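> Here you go, sequence then predicted model.
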Amino acid sequence: VTEDVIWACTSCRACEIACPVFIEHTNKIFEVRRNLVMMESRFPSEIKTVFKNLETNANPWTFSAADRTNWAEGLSIKTLAEEPNNDFLLWVGCAGSYDDRNKKILRAFVNILKKAEIKFAILGNEEQCTGDPARRAGNEFVFQMLAIQNIQTLNMYEVKNIVTAC
């Protein structure tokens with residue numbers, strides 16, 4: 001298998017679902033990528049930007065982390081810092097924070113939560129990317145860094161229930 005094949009995989013797992021003998025090879029592709037990134041520092045140049053953005057902006061794009069809550073303007077949503085006693089944390093995610101199509105979905109989801117009188121809050125600018133894009137691209141270090149920071153934040157607020165459209 002060539003490196004081009006390894007990096008061409010979109011990691012959607014559709015091939016595993018369609019496989020008549022249920023071969024699960026996506027995780028093996030992730031392992032090869034992890035070796036290429038972590039041990040050999042060989043990866044497509046486009047991914048370097050994603051890694052840098054995850055480290056500096058806590059999202060895979062060049063959007064500012066300070067803009068993470070702009071999607072919620074006019075919805076009167078509290079953050080856990082403002083209102084720590086809630087039934088649910090709404091995990092917004094990077095797409096919900098920055099992608100115009102996903103912002104609409106998230107705003108509709110918030111309206112459903114409010115109509116159902118579900119008590120929830122968001123992390124706001126304390127939320128960061130889950131690190132999944134880094135992990136799928138083989139950068140275990142960046143994934144672990146983001147995961148640990150998120151776990152610390154969740155533990156700080158003693159979050160018990162999470163709901164998401166991410």
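Perfect, thanks for sending it.
> Give me the below-cutoff pLDDT ranges for this protein.
Residue ranges of the chain with pLDDT under 70: none are present.
> all strands of it, in order?
88-91, 120-121, 162-164 (DSSP state E).
> Quick one, which of the ones you listed gets closest to Ile17.
Taking Cβ to Cβ, strand 162-164 is the member of those nearest to Ile17, at 22.3 Å. Backbone N, C-alpha and C define where each C-beta goes, glycine included.
> buried set for stretch 60-71?
Buried residues in stretch 60-71, counting neighbours by 16 or more other Cβ atoms under 10 Å, are found at 60-61, 63, 65, 68-69, 71.
> What is the burial count for Pro84?
13 (other Cβ atoms under 10 Å).
> Likewise for the one 10 residues further on?
Other residues within reach of Cys94 by the criterion other Cβ under 10 Å amount to 24.
> Would you list the phi and psi of the spatially closest residue to it that is not a sequence neighbour?
In this structure, Cys94 finds its nearest non-sequential neighbour in Asn59, 4.4 Å apart by Cβ to Cβ, 6 or more residues apart in numbering. Dihedral angles phi and psi of Asn59 (degrees, to the nearest 10) take the values phi -150, psi 160.
> quick one, what contacts Asn59?
Neighbour list for Asn59: 53, 65, 68, 94, 97-98, 128-129 [criterion: Cβ atoms under 8 Å, 6 or more residues apart in numbering].
> any chance of the buried residues of stretch 60-71 in JSON lines, with distance to Lys119 too?
Converted to JSON lines, those look like this (distance: Cβ to Cβ, whole Å):
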{"residue": "Pro60", "distance to Lys119": "31"}
{"residue": "Trp61", "distance to Lys119": "31"}
{"residue": "Phe63", "distance to Lys119": "29"}
{"residue": "Ala65", "distance to Lys119": "26"}
{"residue": "Arg68", "distance to Lys119": "22"}
{"residue": "Thr69", "distance to Lys119": "19"}
{"residue": "Trp71", "distance to Lys119": "20"}
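> Check these and tell me the two furthest apart.
With Cβ to Cβ as the measure, no two of these lie farther apart than Pro60 and Thr69, at 17.8 Å.
> Quick check: of the buried residues of stretch 60-71, which lies closest to Gln152?
Nearest to Gln152 among the buried residues of stretch 60-71, counting by Cβ to Cβ, is Ala65 at 16.3 Å.
> Kind regards, and thank you for your time.
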